[in-house]
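Asks: Model the structure of this input:
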Amino acid sequence: MAAVKFQGTVVECQPFSAEQAAAELRKAMKGLGTDEAKIIDVLAKHTNKQRQEIALTFKTQYGKELKAELKSELGGKFEDVVIALLETPTNYDAMELKKAVKGLGTDEGTLIEILCSRSNAEISEIKAAYKKLFKSDLEKDIMSDTSGHFKRLLVSQLSANRDENLTVDQAKADAEAKELFDAGANKIGTDESTFNRILSLRSYPQLVATFDSYRRQYGKEIEAVIKAETSGYLEDGYLAIVSIAKSKTGYFAERLYKSMKGAGTKDSVLIRCVVTRSEVDLVQVKEEFLKKYGKTLGSFIKGDCSGDYKKMLLALCKEA
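Replies: Numbering: from 1, shown residues only. Sure thing, here's the model as predicted:
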């Protein structure tokens, strides 16, 4: 099976001059008023790596932190996107996880999205960044903020030990489909530890083979089984892993759709999904969005956001 080539909407700006970009940003903030259109243009057409160089050059040339300067000029959701774009992807994930567990209440959706969708290497880097930024252990913070089987699921993801081998063992898929059946539909109560083990250890192609085998053997989709056997955030976590295994771009298309559907916008989800996928697979996420919901991602953003915030998101999505 040929591997799908994923593409980001934001690609390296060529030719690239960090000096010129830094000068353009300074000019956009100098004097009375701010040239937001210029800030959008510069930040949305450079990759994160290039933005890091621009920020360093800005500091070298003007003796000021680019992030601090932009913060003093901007506000609201537009500022939130701009600051997100200036963090490295690893630090940004670590900061979003910190926000999810900080203070009263927990943002379980953010914990699920980041911990269930990043690779082993990315999770290891996030844990290291978290420790450096917050002088605290990510696993301990999550364990003290969650409970029960949901806590166990997150700790399993934090172990960064999912098999990443792409070959499928069909005999194992058939055997583990039966294990899932015996742990759920075939008994009174649910043996969550079996679900947790299989969903956390196996590679995505292996999981898809197991779900297909389950449907063939027992005539049910795995999502329906999970919904019948679990509830709450544990159900959300299991369903997220199933969705990511089947199509990570489909998962993020759904996250984006739900962030804008209905009353109010979940801006933090919208910003995070656009920023984190913009250099990874946003081209395919947009295709999935159109296929699933019959409308472009851009048209949803236009209907849901306004001002420079809207313009920045559209620029990152490469939507007119």
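
Asks: Three-state assignment for the closest residue in space to residue 241 that isn't next to it in sequence, please.
Replies: Leaving aside its sequence neighbours, residue 241 sits nearest to residue 199 (C-beta to C-beta, 6 or more residues apart in numbering; 4.8 Å). All C-beta atoms are positioned from the backbone trio N, CA, C, and that covers glycine. For residue 199, the assignment made with DSSP: H, G, I helix; E, B strand; the rest coil gives helix.

Asks: I'd say residue 199 and residue 243 touch.
Replies: No. The pair residue 199 / residue 243 is not scored as a contact, 11.5 Å apart, by C-beta atoms under 8 Å.

Asks: now do the same end-to-end measure for stretch 172-192.
Replies: 19 Å (C-alpha to C-alpha, to the nearest Å).

Asks: Please identify the buried residues of that stretch?
Replies: Within stretch 172-192, the residues that count as buried by 16 or more other C-beta atoms under 10 Å are 173-174, 176-181, 183-184, 190-192.

Asks: where in this protein is pLDDT low?
Replies: 1-4 (pLDDT under 70).

Asks: Using the record's assignment, carve it into domains.
Replies: Domain ranges of the chain: 18-74, 89-158, 170-246, 249-317, per automatic domain parsing.

Asks: still on that earlier bit, neighbour-wise, which of residue 199 and residue 243 wins?
Replies: Each of residue 199 and residue 243 has its neighbours counted (other C-beta atoms under 10 Å); residue 199 has more, 24 against 19.

Asks: ok, now how distant is that one from residue 235?
Replies: As defined by C-beta to C-beta, to the nearest Å, residue 199 lies at a distance of 12 Å from residue 235.

Asks: follow-up on the earlier one: out of the buried residues of stretch 172-192, who's nearest residue 85?
Replies: Here the nearest of these to residue 85, counting by C-beta to C-beta, is residue 192; it sits at 38.7 Å.

Asks: Isn't that closest one up against residue 156?
Replies: No. Residue 192 is beyond contact range of residue 156, at 11.2 Å (criterion: C-beta under 8 Å).

Asks: now the helices: where do they sit in the stretch 101-250 of the chain?
Replies: 108-117, 120-134, 138-145, 148-158, 170-183, 192-201, 204-218, 222-229, 232-246, 248-260 (DSSP state H, counting those that start in this stretch).

Asks: looking at the domains of the chain, which is closest to residue 82?
Replies: For the domains of the chain, the distance to residue 82 is smallest for domain 18-74, at 5.5 Å, taking C-beta to C-beta.

Asks: For the closest one, measure first residue to last.
Replies: 22 Å.

Asks: cool, stretch 103-112 as well?
Replies: Stretch 103-112 has an end-to-end distance of 18 Å (C-alpha to C-alpha).

Asks: buried stuff in that stretch?
Replies: 106, 107, 108, 109, 110, 111, 112.

Asks: Format the residues you listed as a markdown table; extra columns: distance to residue 221.
Replies: Output for those, formatted as a markdown table (distance: C-beta to C-beta, whole Å):
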| residue | distance to residue 221 |
| --- | --- |
| 106 | 29 |
| 107 | 28 |
| 108 | 24 |
| 109 | 23 |
| 110 | 26 |
| 111 | 25 |
| 112 | 20 |
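
Asks: right, and out of these, which lies closest to residue 150?
Replies: For the buried residues of stretch 103-112, the nearest to residue 150 is residue 108 (7.4 Å; C-beta to C-beta).

Asks: Excluding chain neighbours, what is closest to that closest one?
Replies: Residue 108's closest residue in space is residue 233 (C-beta to C-beta, 6+ apart), at 4.5 Å.

Asks: Equivalent analysis for residue 204, please.
Replies: In space, and not counting its chain neighbours, residue 204 is closest to residue 245: 4.2 Å by C-beta to C-beta, 6+ apart.

Asks: residues contacting that neighbour?
Replies: 204, 205, 207, 208, 211 (C-beta atoms under 8 Å, 6 or more residues apart in numbering).
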